[in-house]
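A.B. asks: no sequence on this one, just coordinates:
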């Protein structure tokens, strides 16, 4: 077909405007769909990581490793970890089955009463600590 025989019209662009062989009509391609924050967070929290537990390496989701570390820090005496763990158990009561209702610690309690309430709460959560283990309440208390 020569240039004179080619008719320009509907679905027939001029030859100089046509795409060259191997050239795309959309060089940048379709834009990638943006992930939401919830999707990114979920993907990252459930990413499998290797963790050393009792000298052995195990694979587990990152969220499980974080909760495991939080529980161990709380039992070891870290006050912030205890606060965060108690907060998590309040926010997700279905995740922790306990027989007795948790006692709320407030500013009207003496330090000894608060410590006893905390120890009672920790003991009431099955599987959190060994039932035969004595909970250390942290030593000296300041009277305010």
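C.D. replies: That came through fine. Remember, predicted model here, so these are calculated numbers, not experimental data.

A.B. asks: rest of the way, CA atoms for contacts and neighbours
C.D. replies: OK.

A.B. asks: Please pull out the lowest mean pLDDT helix or strand from the chain.
C.D. replies: Within the chain, no helix or strand scores below helix 111-124, which has a mean of 81 by mean pLDDT, DSSP states H and E.

A.B. asks: ok, the residue nearest in space to the middle of the chain - contacts?
C.D. replies: Geometric centre of the chain, nearest residue: residue 45, 4.2 Å, by Cα atoms, centre = their mean. Residue 45 sits next to 61-63 when contact means Cα atoms under 8 Å, 6 or more residues apart in numbering.

A.B. asks: go on, residue 35?
C.D. replies: With Cα under 8 Å, 6+ apart, residue 35 has no contacts at all.

A.B. asks: Tell me the secondary structure of it, please.
C.D. replies: Following DSSP: H, G, I helix; E, B strand; the rest coil, residue 35 is assigned to coil.

A.B. asks: Let's see the pLDDT reported for it.
C.D. replies: Note for residue 35: predicted pLDDT of 89.
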